[in-house]
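Chemist: sequence and computational prediction follow.
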Protein chains: 2
Amino acid sequence: MLTFVGLGLYDERSVTVAGRDALRAADRVFAETYTSRLVGADLSDVADALGIEIERRSRAGVERDPEPILDAAAESDVVFCTPGDPLIATTHTDLRLRAADRGIDTRVVHGVTAESAVASATGLQNYRFGRAVTLPFPYAHGGDGVPDSVPGRIVANRERGLHTLVFLDIKAAGASPVGPDGDQFMTADRAADLLATHWDPDALGVAVARVGGPEPTLAADRLATLADGAFGPPLHALVVPGELHAVERDALAAFADAPDSVLGD
Amino acid sequence: MLTFVGLGLYDERSVTVAGRDALRAADRVFAETYTSRLVGADLSDVADALGIEIERRSRAGVERDPEPILDAAAESDVVFCTPGDPLIATTHTDLRLRAADRGIDTRVVHGVTAESAVASATGLQNYRFGRAVTLPFPYAHGGDGVPDSVPGRIVANRERGLHTLVFLDIKAAGASPVGPDGDQFMTADRAADLLATHWDPDALGVAVARVGGPEPTLAADRLATLADGAFGPPLHALVVPGELHAVERDALAAFADAPDSVLGD
């Protein structure tokens, strides 16, 4: 049996009780943290809190050489866990398909995702989000500034009145220029600066930092103003709202300190 | 302090460890279940599992007479909990705004949502979902069949290649004609029948039952075929996919038994 467990958004207490029980009951636990990060805890904190061992696997160790994980799952109870939800972006659906091909039963214990938590924390209605987009580091897409597809998708959503969740690039240690903590996370101020410079400095944005943690920071303002902000440790995301309903405006004013002047009528 | 806690999707083990800890630490715990349901447990099961008392509030008791909850939160640690995520659809953002108006600190412990779990369970990429929609019971929208806005939104998403998550109507006991369990849940087969009859019988649909529970059921087929299916106990949802990428097609074949004939090339 191969059970996929989502660890949720922040630390060792962000997993569901069912997920924690699955982790504890497993014969072996594998984890990857190259697609996202728990920013309030190391994997070793999770392992210690649960009294288990966790075997970390690199991207190559999951995608190019999954056989050791599958061999273990063929003969014992194995958990494969990731931050957030383990299958949300289809990244690990390939592993699940390979297990199915080998006749290994799979199940999923879902985790809290940034996508739903950002809608919840900002007070922006999840029904009114269009397609999400990821803003890459400029060097990562081989160009300057932002790929046209990013403002393109924001504009397409706004034309229909919809909000856009902008996921911000993460480069795992070793994969790119390295930050102080070994990883590199795009900040919401950097993202706002890129979009203000290459798209629209006057558009409303909502910086969202450490959603799912005990002390999230939210700030709503013009992109050019957010570009000068500082929102603390990662992970960050940015929302570019479309039309705002009354409750959404009130929520951005109350919980993200949006100035009246930028909220419109 | 007023802490909003999401109970997640299925039973007393669907809450996060942080959410469970907040529930246990609270002086009083209020809950509502009129916007959604835990289908694998009653609130009393949750209370028993956690060793706490939970005070249930009706819609009127939250929206029209929130003062008792706010009075308690002004002078002690109060948790307000709901299935899924407590603020995902802005339903309870009003309560949070009222608390903020009174100077009561609020925080949020997010829960797993159907929106992200459906994307994860089906293997359909969350990035490729457009705007979601809710399909009401025919009697509930005062018309016959389906409101034009439902196929309208599905078509608008499909024109952009995007998937549509169709939430299915829930009527809490007392609010409408009553089912055997006191509540009424639209099933995925009923939803598929409505869309097959009033929109397109040949369109691909994915019935999703009890996502987040230990034994979810997924079935992908033409809407007219799904209309004749039976997917077991609630909650159900329906996805109408847009363009399918290769991994998405493979996932629907492997995990939702999609016939090759309906998946296209």
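Modeler: Sure thing, it's come through. Numbers count the residues shown, from 1 in each chain, chains lettered A, B, ... in the order given.

Chemist: tell me how far the residue in chain A sticking out farthest from the centre lies from chain B.
Modeler: Using C-alpha atoms, centre = their mean, the residue of chain A lying farthest from its centre is A:Glu75. It sits 32.4 Å away. Using C-beta to the nearest C-beta, to the nearest Å, A:Glu75 is found at 21 Å from chain B. All C-beta spots, glycine's among them, are computed from the backbone N, C-alpha and C.

Chemist: any idea which helix or strand carries the residue of the stretch 151-265 of chain A found nearest chain B?
Modeler: Proximity of the stretch 151-265 of chain A to chain B (C-beta to the nearest C-beta) peaks at A:Ala254, 4.7 Å away. Assigned by DSSP states H and E, A:Ala254 belongs to helix A:246-255.

Chemist: also A:Leu238?
Modeler: strand A:236-240.

Chemist: how far is stretch A:30-38 from where the chain is centred?
Modeler: 11 Å (C-alpha atoms, centre = their mean, to the nearest Å).

Chemist: which intervals of chain A have sub-threshold pLDDT?
Modeler: For chain A, residues meeting the criterion pLDDT under 70 lie at A:172-183, A:265.

Chemist: can you give me the helices in the stretch 51-200 of chain A?
Modeler: For the stretch 51-200 of chain A, the helices defined by DSSP state H, counting those that start in this stretch cover A:59-63, A:67-75, A:93-101, A:114-122, A:149-159, A:188-198.

Chemist: ok, which of those helices comes nearest A:Met1?
Modeler: Closest of the helices of the stretch 51-200 of chain A to A:Met1 is helix A:67-75, at 6.5 Å (criterion: C-beta to C-beta).

Chemist: show residues contacting that closest one.
Modeler: With contacts defined as C-beta atoms under 8 Å, 6 or more residues apart in numbering or on different chains, helix A:67-75 is touched by A:1-2, A:27-28, A:30, A:57, A:61-62, A:78, A:80, A:95, A:98-99, A:102, A:104.

Chemist: number of nearby residues for A:Phe255?
Modeler: 22 (other C-beta atoms under 10 Å in any protein chain shown).

Chemist: quick check, it in contact with B:Ala100.
Modeler: Yes - judged on C-beta atoms under 8 Å, A:Phe255 makes contact with B:Ala100 at a distance of 7.2 Å.

Chemist: buried residues, stretch A:17-32. List them.
Modeler: A:17-20, A:22-23, A:26, A:28-32 (16 or more other C-beta atoms under 10 Å in any protein chain shown).

Chemist: and chain B, which of these reach it?
Modeler: Among the buried residues of stretch A:17-32, the residues within reach of chain B (C-beta under 8 Å from any C-beta of the partner chain) are A:17-18, A:20.

Chemist: relative to B:Ala74, how far out is the closest residue to A:Ser58 other than its chain neighbours?
Modeler: The shortest distance from A:Ser58 to any residue other than its chain neighbours is 6.7 Å, reached at A:Tyr34 (C-beta to C-beta, 6 or more residues apart in numbering or on different chains). To B:Ala74, A:Tyr34 is 45 Å away according to C-beta to C-beta, to the nearest Å.

Chemist: same check, this time on A:Ala256
Modeler: Distance, A:Ala256 to B:Ala74, using C-beta to C-beta: 23 Å.

Chemist: swap in A:Val155?
Modeler: Per C-beta to C-beta, A:Val155 is found 44 Å from B:Ala74.

Chemist: out of the contacts of helix A:67-75, who has the most neighbours?
Modeler: Counting by other C-beta under 10 Å, top hit in those: A:Phe80 with 28 neighbours.

Chemist: and A:Val17, backbone torsions?
Modeler: Phi and psi for A:Val17, reported as degrees, to the nearest 10, are phi -60, psi -40.

Chemist: typo on my end, it should be A:Arg131
Modeler: Dihedral angles (degrees, to the nearest 10) for A:Arg131: phi -70, psi 140.

Chemist: how about A:Val29?
Modeler: phi -120, psi 120.

Chemist: need the contact list for it.
Modeler: A:23, A:47, A:52-55, A:78-81.

Chemist: kindly recompute the last result at 10 Å.
Modeler: A:3, A:5, A:22-23, A:43, A:46-47, A:50, A:52-56, A:77-81 (C-beta atoms under 10 Å, 6 or more residues apart in numbering or on different chains).

Chemist: for PyMOL, write the select line for the buried members of those.
Modeler: A single PyMOL command selects the buried members of the contacts of A:Val29 (16+ other C-beta under 10 Å):
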select buried, chain A and resi 3+5+22+23+43+46+47+50+52+54+55+78+79+80+81
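
Chemist: from the contacts of A:Val29, which land in strands?
Modeler: A:3, A:5, A:55-56, A:78-81 (DSSP state E).

Chemist: which two in those residues are spaced the farthest apart?
Modeler: Using C-beta to C-beta, the ones in strands among the contacts of A:Val29 span at most 17.4 Å, a distance reached by A:Thr3 and A:Arg56.

Chemist: would you mind finding the most buried of the helices of the stretch 51-200 of chain A?
Modeler: helix A:114-122 (a mean of 28; mean count of other C-beta atoms under 10 Å in any protein chain shown).

Chemist: mind giving me the packing neighbours of that helix?
Modeler: Counting contacts by 3 or more C-beta pairs under 10 Å, 6 or more residues apart in numbering or on different chains; DSSP states H and E, helix A:114-122 packs against strand A:164-168, strand A:204-209, strand A:217-222, strand A:236-240, helix A:246-255, strand B:2-6, strand B:106-109, helix B:114-122.

Chemist: which one of these lies closest to B:Arg222?
Modeler: Here helix B:114-122 is closest among the helices and strands packed on helix A:114-122 (C-beta to C-beta), at 16.4 Å.

Chemist: figure out how far the closest one is from the centre of its chain.
Modeler: Taking C-alpha atoms, centre = their mean, one finds helix B:114-122 lying 10 Å from the centre of the chain it belongs to.

Chemist: one more: stretch A:141-149?
Modeler: Worked out by C-alpha atoms, centre = their mean, stretch A:141-149 lies 21 Å from the chain centre.

Chemist: please put the alpha-carbon coordinates of that stretch into PDB.
Modeler: Extracted C-alpha coordinates of stretch A:141-149, given in PDB (Å, rounded to 0.1, in the frame of the first residue of the first chain):
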ATOM      1  CA  HIS A 141      12.500  31.600 -17.400                       C
ATOM      2  CA  GLY A 142      15.500  32.800 -19.400                       C
ATOM      3  CA  GLY A 143      14.100  36.200 -20.100                       C
ATOM      4  CA  ASP A 144      14.000  39.600 -18.500                       C
ATOM      5  CA  GLY A 145      11.100  40.800 -16.300                       C
ATOM      6  CA  VAL A 146       8.000  38.600 -16.400                       C
ATOM      7  CA  PRO A 147       6.800  36.100 -19.000                       C
ATOM      8  CA  ASP A 148       3.900  37.600 -21.000                       C
ATOM      9  CA  SER A 149       1.700  34.700 -19.900                       C
END
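
Chemist: which of the residues in that stretch are buried?
Modeler: Applying 16+ other C-beta under 10 Å to stretch A:141-149 flags A:146-147 as buried.

Chemist: what's around the closest residue in space to A:Asp94 that isn't next to it in sequence, how many residues?
Modeler: Sequence neighbours aside, B:Val247 is the residue nearest to A:Asp94 in space, at 6.4 Å (criterion: C-beta to C-beta, 6+ apart). Counted with other C-beta under 10 Å, the neighbours of B:Val247 add up to 17.
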